[in-house]
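[1] would you be able to build a 3D model of this:
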Amino acid sequence: MDNNSKLFSIILMVLLGLSALLSLLFMFDVVSEGLLIMWCYILIAIAGITAIVFPIIAMAQNPKGAKNALIGVGVLILICAIGYFMSGTEVHTNVEGDVLADAATSKKSEAGLIAFYILGAVAIGSIIFAEVNKMFK
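    Prediction:
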């Protein structure tokens with residue numbers, strides 16, 4: 001086990017131990033739920049920072065892999081842009097006339113749905129293509 005793996009294992013065990021201790025203290029009514037919620041926010045922040053920093057480090061160490069990853073991100077951004085430009089700006093109201101979604105909200109939600117449909121169709125199409133391609137080989 002190299003030094004980084006050992007360090008990460010120690011950090012993981014410390015965070016896990018603190019979480020278990022706080023859970024037990026909460027169960028026996030020693031700490032309030034506010035402290036437990038704050039601990040959850042801290043853990044989420046650690047996870048978020050880790051999820052952002054380590055891929056950047058990996059991309060810096062492997063530029064060829066970074067190029068492929070950035071191409072994938074670019075295609076995803078292109079699909080989202082296509083969905084945004086295809087979406088409409090209808091204002092949605094209920095029976096009483098209350099606005100449920102204004103034009104901006106409607107455009108964003110419809111753009112997300114269109115992008116989801118495009119990505120779903122691409123996924124299903126690639127699965128079918130892979131299976132048909134396998135049959136002919």
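[2] going by C-alpha atoms from here, please, whenever you check contacts or count neighbours.
    Will do.
[3] residue contacts, Ala60?
    Contacts for Ala60 (C-alpha atoms under 8 Å, 6 or more residues apart in numbering) come out as Ala66.
[4] hmm, try it at 10 Å
    Contact analysis of Ala60 by C-alpha atoms under 10 Å, 6 or more residues apart in numbering lists Phe54, Ala66.
[5] buried set for stretch 130-137?
    Using 16 or more other C-alpha atoms under 10 Å as the burial criterion, none of the residues of stretch 130-137 qualify.
[6] same deal with stretch 102-109?
    Within stretch 102-109, judged by 16+ other C-alpha under 10 Å, the buried ones are Ser106, Lys107, Lys108, Ser109.
[7] show me what the longest helix belonging to the chain is packed against.
    What stands out as the longest helix in the chain, according to DSSP state H, is helix 103-135. Counting contacts by 3 or more C-alpha pairs under 10 Å, 6 or more residues apart in numbering; DSSP states H and E, helix 103-135 is packed against helix 63-86, strand 92-93, strand 99-101.
[8] got those as JSON lines, with mean neighbour count and distance to Cys40 columns?
    Putting those into JSON lines (neighbours: other C-alpha atoms under 10 Å; distance: least, C-alpha to C-alpha, whole Å) gives the following:
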{"stretch": "helix 63-86", "mean neighbour count": "14", "distance to Cys40": "30"}
{"stretch": "strand 92-93", "mean neighbour count": "13", "distance to Cys40": "37"}
{"stretch": "strand 99-101", "mean neighbour count": "13", "distance to Cys40": "32"}
